[in-house]
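>>> Predicted coordinates and the sequence they were generated for:
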Amino acid sequence: MQKLAIILALLVSGVITSQTNYEKGMQKAFELWGSNPVEASNLFERIAKAEPNNWLPSYYAAQINIVSSFGEKDKEKLTAKLAKAQGLINDATTVSKNNSEILVMEALLNTAWVAYDGAAYGMTLSPKVAALYAQAEQISPNNPRVVLNKAEWNMGSARFFGQDTAPFCKDVERALDLFANFKPETAFHPKWGKERAEQILESCKN
């Protein structure tokens, strides 16, 4: 009985240590993100290898590569970043299927290609982006990032075709309302997007 108690205590201790290392690593990666996104991405990737059943580290490593690809003019660099991001998204999806947060990230990845060269990638990737948002919306209709990013994509499409973007402002407003009541599952689950929604809504008023 005493041996069993010792074994259980060691197992619990191991789990707590693992959780502590994970939490410390994630906090460090988020801290690095602002000053050294490349190192932050590398740290997220290392955490992902140590936590193979957790989709969040791969998700954030992908996000860093995707966000930094917007505005990139060098196609070789862009291709490398987005190929890496796609691999990380695939890893995250393997762990967590039908995840609206991951679907939004994949939609943003494809949007980065369209933003780089709309003439070359718009026709082929626009339907894919729309389908990813539709799938994400079906899974999580009240996820503020789903509502916001779908609205912003629709605004971009309307702008490209010379159409009015005003009809989508109400969707951004709804996203902002959803952000007000959104509670992430853990401290490390996605919660980004509120500031972006506020910026877009402000531009809607002008």
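Noted; the coordinates are in hand.
>>> And the next helix or strand past the helix or strand containing V114?
V114 is located in helix 100-116, with elements delineated by DSSP states H and E. Using DSSP H and E, the helix or strand that directly follows helix 100-116 along the chain is helix 118-139.
>>> Buried residues in that following helix, which are they?
Across helix 118-139, burial judged by 16 or more other CB atoms under 10 Å covers 121-122, 125-126, 128-130, 132-133, 136-137. For the C-beta atoms, the positions are set from N, CA and C on the backbone; glycine is no exception.
>>> Report pLDDT for the residue sitting nearest the centre point of the chain.
Residue closest to the average C-alpha location in the chain (CA atoms, centre = their mean): M105, at 4.2 Å. For M105, the model assigns a pLDDT of 98.
>>> Distance-wise, check it relative to L56.
Distance of M105 to L56, given as CB to CB, to the nearest Å: 11 Å.
>>> Might you report the residue contacts of the residue nearest to the centre of the chain?
By CB atoms under 8 Å, 6 or more residues apart in numbering, the contact list for M105 reads 59, 62-63, 66, 89, 92.
>>> What about those, which are in helices?
59, 62-63, 66, 89, 92 (DSSP state H).
>>> Just after the worst-scoring helix or strand of the chain on mean pLDDT, pick out the following helix or strand.
One helix or strand of the chain scores below all others by mean pLDDT, DSSP states H and E: helix 2-35, with a mean of 70. Counting by DSSP H and E, the next helix or strand C-terminal to helix 2-35 is helix 37-50.
>>> Quick check: buried residues in that following helix?
40-41, 43-45, 47-48.
>>> for it, the distance to its chain's centre please.
Helix 37-50 sits 15 Å away from the centroid of its parent chain (CA atoms, centre = their mean, to the nearest Å).
>>> Using PDB, write down the CA coordinates of that helix.
Presented in PDB, the C-alpha positions along helix 37-50 are these (Å, rounded to 0.1, in the frame of the first residue of the first chain):
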ATOM      1  CA  PRO A  37       9.100  36.800 -33.100                       C
ATOM      2  CA  VAL A  38      11.500  34.400 -34.700                       C
ATOM      3  CA  GLU A  39      12.800  33.100 -31.400                       C
ATOM      4  CA  ALA A  40       9.200  33.100 -30.100                       C
ATOM      5  CA  SER A  41       8.200  30.900 -33.000                       C
ATOM      6  CA  ASN A  42      11.200  28.500 -32.400                       C
ATOM      7  CA  LEU A  43      10.300  28.300 -28.700                       C
ATOM      8  CA  PHE A  44       6.600  27.500 -29.600                       C
ATOM      9  CA  GLU A  45       7.900  24.700 -31.900                       C
ATOM     10  CA  ARG A  46      10.100  23.300 -29.200                       C
ATOM     11  CA  ILE A  47       7.100  23.300 -26.800                       C
ATOM     12  CA  ALA A  48       5.000  21.600 -29.500                       C
ATOM     13  CA  LYS A  49       7.600  18.700 -29.700                       C
ATOM     14  CA  ALA A  50       7.500  18.300 -25.900                       C
END
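>>> that older thread, okay, the buried residues of helix 118-139 in JSON lines with pLDDT and distance to F179 next?
JSON lines is the format used below for these (pLDDT from 0 to 100; distance: CB to CB, whole Å):
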{"residue": "Y121", "pLDDT": "95", "distance to F179": "30"}
{"residue": "G122", "pLDDT": "92", "distance to F179": "29"}
{"residue": "L125", "pLDDT": "97", "distance to F179": "27"}
{"residue": "S126", "pLDDT": "95", "distance to F179": "26"}
{"residue": "K128", "pLDDT": "97", "distance to F179": "26"}
{"residue": "V129", "pLDDT": "98", "distance to F179": "22"}
{"residue": "A130", "pLDDT": "97", "distance to F179": "23"}
{"residue": "L132", "pLDDT": "98", "distance to F179": "21"}
{"residue": "Y133", "pLDDT": "98", "distance to F179": "17"}
{"residue": "A136", "pLDDT": "98", "distance to F179": "16"}
{"residue": "E137", "pLDDT": "98", "distance to F179": "16"}
